[in-house]
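Student: Let's see this in three dimensions:
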Amino acid sequence: MADDKRFIYRDAQGVVSYREVTNISETEEYIQAFCKSANALRTFRKDRILEDINEPSNIEQRLQYHIENSPPQERPQSSRSYTRRLNTSGAPEICFTGFKKADKIKLVEIAESEGMFVRDSVTKQLEFLCCGYNAGPKKIEKSRHQGAIVLNEEQFLTMLKTGEIPEK
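Tutor: Residues are numbered from 1 along each chain as shown. Model (predicted):
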């Protein structure tokens, strides 16, 4: 787990930007960190990082290069293509917290129908924590510390549909 990272990133809409992040947690496919330019927690797909920046003196030149020369963006093959840490059933793990009982039941059914393994608590194998309006900060902090990606309900549903985790 690194403390700081600088990179050039292309988001789902094809916008190329320079990002400097800190307080990083990551899985095989995602980096979640505090983005200094957005002044907020952001999730980045690793395959959308165009270049790591080690020398900050040439940022503008490298950014312009990628804006002018990046090939067209490919869409994900399937929203079900998970290649993260797996449990014994081979499914990505998710936990839902802070939801009303009926809403949680609905979300669990959706996750299971998409082939995910639903946990009732934060474990070391957890890959996603989906938070409702009443999610506890300690559970969020623990899951991020262990490398899980923290999502809200809208981000979770978008991820299943498109393979992307929207920023907001």
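Student: for this protein, where's the lowest mean pLDDT among helices and strands?
Tutor: helix 59-69 (a mean of 86; mean pLDDT, DSSP states H and E).
Student: any idea which helix or strand comes after that one?
Tutor: strand 93-97 (DSSP states H and E).
Student: list the helices and strands that following strand packs on?
Tutor: helix 101-113, strand 117-119, strand 128-131 (3 or more Cβ pairs under 8 Å, 6 or more residues apart in numbering; DSSP states H and E). Placement of C-beta: from N, CA and C, glycine included.
Student: Out of the ones you listed, which gets the lowest mean score?
Tutor: In terms of mean pLDDT, the lowest-scoring of those is strand 117-119 (a mean of 90).
Student: From the chain's centre, how far out is it? Work that out for me.
Tutor: 18 Å (Cα atoms, centre = their mean, to the nearest Å).
Student: same question, stretch 144-162
Tutor: 6 Å.
Student: got it, and stretch 127-147?
Tutor: 13 Å.
Student: Over to stretch 106-118?
Tutor: Centroid displacement of stretch 106-118 relative to its chain, using Cα atoms, centre = their mean, is 18 Å.
Student: List the buried residues in that stretch.
Tutor: 107, 108, 110, 111, 114, 116, 117, 118 (16 or more other Cβ atoms under 10 Å).
Student: in the sheet, who's paired with the last one?
Tutor: Right, residue 118. residue 94 (DSSP bridges).
Student: Quick check: the gap between it and residue 32.
Tutor: Relative to residue 32, residue 118 is positioned 20 Å away (Cβ to Cβ, to the nearest Å).
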